[in-house]
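Enquirer: would you be able to build a 3D model of this:
(chains A, B and C, ligands or ions: 3)
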Amino acid sequence: MTQARYLLRNQEIEDIDQFEVYRAHGGYDALKKALAEFEPEAVVDLVKRSGLRGRGGAGFPTGVKWGFLPKDGRPRYLVVNSDEAEPGTFKDRELIERNPHQLIEGMIISSFAIQARQAYIYCRGEFLRGYEQLSRAVQEAYAAGFLGDNILDSGFALDIFVYRGAGAYICGEESALLESLEGRRGNPRLKPPFPAVAGLYGMPTIVNNVETIANVPPIVTLGAEWYTSMGTEKSPGLKIMSVSGKVNRPGNYEIPLATPLRALIDDYAGGMQPGRSVKCVIPGGSSVPLLMPDQLDTPLDYESVLQAGSMLGSGGCIVLDDTVCIVKASHRLVKFYREESCGKCTPCREGTYWMADVLERVEAGMGDEGDLAILMDVADNINGKCFCPLGDASIGFLVSAIRHFRDEFEAHVREHSCPMGEKVYDTANY
Amino acid sequence: MIRLTIDGQEISVPEGMMIADAAARLGIEVPVYCYHEALGPLGACRMCLVQVEKMPKLATACTTAVAEGMVVHTQGAAVDKGRKGVLEFLLINHPLDCPVCDKGGECFLQDYTFRYGPPAGRFEEPKIQKVKDGPINEFVLIDQERCVLCQRCVRFMEEYVGEPQLLLEGRGVETVVSTVEHRPAQSQFAGNVVDLCPVGALLATPYHHKARPWNIERQESVCPLCPVGCTTLNTGRDGRIVRVEGRPVLDRNWGWLCDRGRFGFDFAVSPDRLTVSRLQGHDEAAARATRQVGQWLEQVVGQYGPDSVAFVIGGLHTSEEAHQLYRFATEVVGTSRLAMSRQVQGYLPRGLNGTFEDIAAADAVVLVGTDPYEAVPVVHLKLRERWRQQRDLKLFGVAPRTLGRETLPVDTLITHVGHEAHVLAQALARVVPDHPAVAQLAIQGDSGFDDAATLAQLGQALVNSEHLTLLWDGVEPEVESVLIALATVRGAKVTRVLPTWGPSNWRGLERGGFPARLEALTQILKDARDGKVQMLVLWGADLLREYPDAQLVQEVYQTVPYIIGEGLFLPLGSESMRAFLPEASPGEMAGTYINMEARVQTLTPSVQPPGQARPTRSYLNAWAHSLKKSFVAEDDWDPFDDESGDLLPVEAIPATIAPLSPVSQPSGEMELATGVLVMENGIPSELLRSRKPQALARLSPVDAQRLGLSAQGMVRVARNGEELRVAVTVDQAMTPGRIYIPLGVPSCPVNKIGTGVVEVARLEEVHSA
Amino acid sequence: MKPEWREWAAEARTEFPQAHSALLPLLHRVQRAEGWLSGETLADIAELLDLSPQYVQSVASFYSLYFKEPVGKKVVHVCMGLSCMLAGSDELMHQLEEKLGVSQGQTTADGEYTLLEGECLAACDLAPVAQVNLRYHGPVPPEKADTLLREEVSP
Ligand SMILES: Cc1cc2nc3c(=O)[nH]c(=O)nc-3n(C[C@H](O)[C@H](O)[C@H](O)COP(=O)(O)O)c2cc1C
Ligand code: SF4
Ligand code: FES
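Expert: Ligands and ions are numbered 1, 2, ... in the order given. Predicted coordinates for the structure are as follows:
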């Protein structure tokens, strides 16, 4: 695509992860502008007006979240969620590995806006390169006077700390993340209180996704109106979609919200691999229900995707083609949640275990008549009854898969084998 | 207060209360596994699902706080399905071994499955295999396969007790509860996890495979092993108590026990327990021994008059037994020589006696001499609970040794032995020097405690706190005077004291008619030494072990012609006794115990007295017969008071404040300090053998080095020409210049030499304790 | 306990404003030096940070990147995520198992390799993807299992 990029400028500008290159392309100008021209409240207001919504999955309006901080004089923290582990999602990794300064600039502006003196990046443990890039970039920002005391003579001071996780998907959930950041097991916390009231070390804390914060510098530079000129009224602006699966050009693509799913697949991701057709699409990471081929015209904005029966989520778009066994795909996803359940609450811990076992058995041709009903009922017993959203996430795809591909599930049971055959990949495509 | 409706019933409850607790107050049961009011909300098991109107999803009653106008339904199709689902989940990895599980029949998983559960198993996949019957420590076993991961045990140990000896290991469905590197959980509160476990995952080793729920009965009772008087459920089987569990009392206690109480029940079946009568050093049939004592009694009274007989009560007797003995002594024998055997000289007037609510409400707590963790363990938990609620709680100690520990930081003012009253008075005088009550204390001399700042802080807490609660070990009698002065100074502000000494039921023995002040016993002993007593009846009392001046007791034992003993175990010096009669223990008869709160609590028997052991009244009725008096000791008395509920009647605080004796700094290198160690309180337990300290005495690293001792060793401790030989351990918490030996250990009775300045020397040979 | 651990512990405590956060970084650092975290090591770390050994063991056991058993010089994570599965990661894993003579979860007898399943490694555009000592390699079609094993790894 030839469209100008704002979030993924690394795809256009070589070596933008280097401080000088980033600077040479206007990097940190937004910070200068924010500190020189804005009061903190005005930045919050700007972000509110831009309509920017959280890109971590839930799509909560960022400016509104910032506004929840109690004004009681306690120290506040900004925590950036870089724990990206939602299957199918790989945008934050690209952002931190390939353009770390953009995130740091966004963090400084955001911290200024919410008047935080300390900001943290919780970086997924597996992202060793990302962690190194961020650590280096933070050092460079200090050296350039963008971090530390009295940044750019504004009187504003900020320290950024980069923290490495150690392998646990649940730590992407914001309260589990805070537990982990405090050196504990990553079990989600009871809410309320929400992090904005009692977060890191009990202090008011804003947790935002990497991509959310990466949006802040261009919004400051180009204005709220620029942002709202894209997308829809409720879902304005830009979103990075991670496209993977059976497309010709898997990768991250920055799209104006409300771009149709079909355009994402065909125009951005180069269409389906030769001879393949879409079986279904997971539009927003593994936690969301699937969309069927007849829904490819769904505009990719929060409301439209919801209306289509799924969620935009984290923007991890996995395209399954007609050769994929839906039972196997379901098993793989449910097994992921089984592995990653923190184990605190019963339905998630035991339910994912149960479903994964049944699916494995069905896929292996050892299913029986009752298995489908059991799966649906177990999913229902998980639904809405878990401590945190992970439990619900584990059933999103499965339930929609059974709904849309019941025949295929039944065929497994009836024929005592997988009708799709063993091999699901094709070496010809590399 | 918040008003809400639960299942159509309205209720008002305090803000912040969880729906589950509000429902409980209406008598509506919401099933829970992970929730426990004392531990706070967790929301892990999801069993407590309820429907709250206007909420889109089912809510967990244990994590959802009440709100004004809330409408809750604890039943209905959605709720039932939700619970059924959770139960089914809990069962999929739960072994089907209920028939061999000790918890079978008393299990929440069984109960709830019966009530809410899925009819038949749909789960056909392999279950996860985990450890079965792994030891947590010598008393507790874990079956990880049965565990429902409610975390109660882990949270109790970690958060509530503060001794994090259990842990959650692993993640997801592989998570287990375990100990680190299989190191045993040593906390003396670890046994509580057996009660806390809602299923059969944590089991008491001594009870393992001992009984099935349908052939046992649990009796409500009270632990007799220390003055806390924790409420228990006792299980008897085949003539012996096989299990003691904690018994929660709504809005009063959580039902915690310490391991001493939970596993120390075997004293009643101890091989040392006497279950036959002894006469002139030989076993004798009960009837003959009783008759013989009756004859002697008749002779003595006939020849020397009623006052030549003295009755001393002590030990584990119930209030009722005390009253029967009192009536016998006064009405049948007609003597006025009555006393109680106690280990400490201090006395607490009823008017100052507080309850455990005074711990829960205190803003300042002062420990005088006592270390609750060792002396009255469950009170330590109560203090900790208070401290956890209110981190700025002022917690002071006044004692010759440090009283705090990691789980409960106490600011201890380390005094010289015998100077506690003086230092307390000094602190008081620092804040209100001119108060008449302080003047009456007539503080004189130099205690050597000159940390002005700490004294002032303690003084401030003593005088200005709103709700002051003191715990006192009674070792130093003059503290009583300071306490009265303190209450006088504080006027309307609440001042309450909890006495931590034994015997556990001393208030009950007092209520029964026996004077509790040690002066009464001293007088009897002096008179006995002077030949004024011909017969000394020691009812559960072990004077050589208990009375602070053992030499006096020795002399008495050599002087009095008829010494009659009664008890569970042969006391020290029993060779001087003409007869010794076996006693029925508290688990073997009905009665009451009055605890350190002055609260009357009822014991229900679970078993019959073994052998010839019998309750007090059997002996008394026989002797009345010998004395040809019409007397029948019956259970026609009860210690309850019409006005004061289950507490003893309130009395006014005494008006007179006795002056303190002058102090001076002791001249000597080492001082002997003492205190109660509930593990070593003279009541034996085979089960608890491994928990007994290897070395009784403790001293500081500095002194150890000076004496040439390594971590452990033997020392000779001498005073007034008497000596003790005792194994000693080096204790970082000890202050140089002090050696600590617990009170009343039969193998090493400190009362033989008494407290104060001592000579300590290392002994070459090394004994094990 | 190695002498330098003390220093590292002190650094970890000051690295973040609240010493609470020191545990994960110190575990990472010690593991990097030692390869894995034995019970003894965990107890040492507990001591260094004034935490209970129970706490440290519990925390370490929660995270999949802390190894509680010895691992090979090269730890190979094969992504098992859906996108990688679509691109043949099962076959890749199979090839690696064949070549190394171990099953996933195991370490080769010579202590060179440990083969592990990874959850979605957030590199689905490179599917099928693998990490060797947390360095990304991808796409690694099953035929290229050999090449993956030959990769030099930087620390
Ligand atoms: C199981 C689970 C996993 C999550 N993982 C991530 C994640 O990897 N990255 C992320 O930014 N948000 C994740 N979230 C969402 C966060 O809880 C949180 O909403 C988000 O970081 C807020 O940032 P935003 O408002 O900028 O989106 C996850 C949530 C759940 C329930
Ligand atoms: S739903 Fe429950 S078990 Fe699953 S991750 Fe959340 S809290 Fe843990
Ligand atoms: S009791 Fe409510 S979740 Fe366990």
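Enquirer: by contact count, what packs against the one helix or strand B:G261 maps to?
Expert: In the assignment (DSSP states H and E), B:G261 maps to helix B:259-263. Identification of packing neighbours for helix B:259-263 by 3 or more CB pairs under 8 Å, 6 or more residues apart in numbering or on different chains; DSSP states H and E yields strand B:240-246. Any C-beta I mention is one placed from the backbone N, CA and C, and that applies to glycine too.
Enquirer: quick revisit: which residues touch the helix holding B:G261?
Expert: In this structure, residues lying in contact with helix B:259-263 by CB atoms under 8 Å, 6 or more residues apart in numbering or on different chains are B:139, B:188-192, B:194, B:204, B:206, B:223, B:225-226, B:230, B:232, B:244-246, B:377-378, B:678-679, B:685, B:687-688, B:691.
Enquirer: look at the residue in chain C sticking out farthest from the centre and report its pLDDT.
Expert: Distance from the C-alpha centroid of chain C peaks at C:P17, with 26.8 Å (CA atoms, centre = their mean). C:P17 is assigned a predicted lDDT (pLDDT) of 89.
Enquirer: the one 4 residues further on now?
Expert: As predicted, C:S21 sits at a pLDDT of 95.
Enquirer: give me the subset of the contacts of helix B:259-263 lying in strands.
Expert: B:A204, B:T232, B:V244, B:E245, B:G246 (DSSP state E).
Enquirer: so how many other residues sit close to the residue lying closest to the first one once chain neighbours are set aside?
Expert: The shortest distance from B:A204 to any residue other than its chain neighbours is 4.9 Å, reached at B:V194 (CB to CB, 6 or more residues apart in numbering or on different chains). With neighbours defined by other CB atoms under 10 Å in any protein chain shown, the count for B:V194 comes to 26.
Enquirer: repeat that for B:R716.
Expert: 14.
Enquirer: so B:A427 is in contact with B:N464, correct?
Expert: No. The criterion here is CB atoms under 8 Å, and B:A427 misses it with B:N464 at 11.9 Å.
Enquirer: for B:L486, give me its contacts.
Expert: B:L424, B:L428, B:A437, B:L462, B:L468, B:T495.
Enquirer: try 10 Å this time
Expert: When contacts are counted by CB atoms under 10 Å, 6 or more residues apart in numbering or on different chains, B:L486 touches B:352, B:366, B:424-425, B:427-428, B:432, B:437-438, B:441, B:462-463, B:468, B:470, B:479, B:495, B:497, B:657.
Enquirer: sec struct for it, please.
Expert: helix (DSSP: H, G, I helix; E, B strand; the rest coil).
Enquirer: ditto for B:F580
Expert: strand.
Enquirer: would you mind listing the residues in contact with it?
Expert: Per CB under 10 Å, 6+ apart, neighbours of B:F580: B:274, B:276-279, B:281, B:284, B:289, B:293, B:538, B:563-567, B:569-571, B:574.
Enquirer: how about a cut-off of 7 Å?
Expert: B:L274, B:R278, B:G565, B:E566, B:L570, B:S574 (CB atoms under 7 Å, 6 or more residues apart in numbering or on different chains).
Enquirer: who does the fourth one bridge with?
Expert: Right, B:E566. B:W539, B:L581 (DSSP bridges).
Enquirer: surely it and B:A579 touch.
Expert: No. The criterion here is CB atoms under 7 Å, and B:E566 misses it with B:A579 at 8.8 Å.
Enquirer: of those two, which one has the most company?
Expert: Legend: neighbour count by other CB under 10 Å for B:E566 and B:A579, higher for B:E566 (28 against 21).
Enquirer: roughly how far does the more buried one sit from B:E181?
Expert: 49 Å (CB to CB, to the nearest Å).
Enquirer: buried set for the helix or strand of chain C with the lowest mean pLDDT?
Expert: Least confident helix or strand of chain C, by mean pLDDT, DSSP states H and E, is helix C:145-150 with a mean of 93. Neighbour-count burial for helix C:145-150 flags C:A145, C:L148, C:L149 (criterion: 16 or more other CB atoms under 10 Å in any protein chain shown).
Enquirer: ok, what's across the strand from the residue of the stretch 201-350 of chain B found nearest chain C?
Expert: The stretch 201-350 of chain B approaches chain C most closely through B:L202 (16.1 Å), counting by CB to the nearest CB. Assessed by DSSP bridges, B:L202 has beta-bridge partners B:I142.
Enquirer: check the gap between it and B:M47 for me.
Expert: 18 Å.
Enquirer: what residue in chain A comes nearest to ligand 3?
Expert: A:C345 (7.3 Å; CB to the nearest ligand atom).
Enquirer: how is chain A divided into domains?
Expert: Chain A breaks down into these domains under automatic domain parsing: A:19-227, A:238-321, A:326-429.
Enquirer: adding distance to chain C and mean pLDDT, write the ones you listed out as JSON lines.
Expert: JSON lines is the format used below for the domains of chain A (distance: least, CB to the nearest CB, whole Å; pLDDT from 0 to 100):
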{"stretch": "domain A:19-227", "distance to chain C": "4", "mean pLDDT": "97"}
{"stretch": "domain A:238-321", "distance to chain C": "3", "mean pLDDT": "97"}
{"stretch": "domain A:326-429", "distance to chain C": "3", "mean pLDDT": "92"}
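Enquirer: just say helix, strand or coil for the residue nearest the centre of chain A.
Expert: The C-alpha lying nearest the average C-alpha coordinate of chain A belongs to A:S314 (CA atoms, centre = their mean; 3.4 Å). Using three-state DSSP, the structure places A:S314 in coil.
Enquirer: residues contacting it?
Expert: A:S314 neighbours (CB under 7 Å, 6+ apart): A:G56, A:G57, A:E86, A:T89, A:G284, A:G285.
Enquirer: now swap in B:M340 and tell me
Expert: B:V312, B:I313, B:G314, B:W506, B:L509, B:E510, B:F514, B:P515, B:A516, B:L521.
Enquirer: for those residues, which one is nearest C:S38?
Expert: Nearest to C:S38 among these: B:W506, at 53.2 Å, using CB to CB.
Enquirer: how many residues are close by that closest one?
Expert: B:W506: 26 neighbours (other CB under 10 Å).
Enquirer: nearest residue to A:Q115 in space, please, no chain neighbours.
Expert: Closest to A:Q115 by CB to CB, 6+ apart is A:P40, at 5.4 Å.
Enquirer: roughly how far apart are that neighbour and B:Q165?
Expert: On the measure of CB to CB, A:P40 and B:Q165 end up 48 Å apart.
Enquirer: same check on B:R430?
Expert: Relative to B:Q165, and taking CB to CB, B:R430 is found at 42 Å.
Enquirer: show the pLDDT at B:P99.
Expert: Value for B:P99, per-residue pLDDT: 87.
Enquirer: may I have the secondary structure class of it?
Expert: helix.
Enquirer: can you check B:F640 too?
Expert: coil.
Enquirer: what sits against it?
Expert: B:F640 neighbours (CB under 7 Å, 6+ apart): B:V600, B:D646.
Enquirer: repeat the analysis, applying 6 Å as the threshold.
Expert: B:V600 (CB atoms under 6 Å, 6 or more residues apart in numbering or on different chains).
Enquirer: which other residues reach whatever helix or strand A:I395 lives in?
Expert: Using DSSP H and E, A:I395 maps to helix A:389-404. Outside helix A:389-404, the residues that touch it by CB under 6 Å, 6+ apart are A:287-290, A:292, A:326, A:330, A:333-334, A:337, A:347-348, A:352, A:379, A:382, A:409.
Enquirer: and if you look at stretch C:66-82?
Expert: A:87, A:166, A:318, A:329, A:332-333, C:27, C:35-37, C:60, C:89, C:92-93, C:107-108, C:111-118, C:120-121, C:129-133.
Enquirer: and chain C, what are its domain boundaries?
Expert: C:3-62, C:74-150.
Enquirer: name the stretch among the ones you listed that sits most buried.
Expert: domain C:74-150 (a mean of 21; mean count of other CB atoms under 10 Å in any protein chain shown).
Enquirer: so is that domain next to ligand 1?
Expert: No. Counting by CB under 6 Å from any ligand atom, no contacts exist between domain C:74-150 and ligand 1, the nearest distance being 8.7 Å.
Enquirer: quote the end-to-end distance of that domain.
Expert: Across domain C:74-150, the terminal residues are separated by 10 Å (CA to CA, to the nearest Å).
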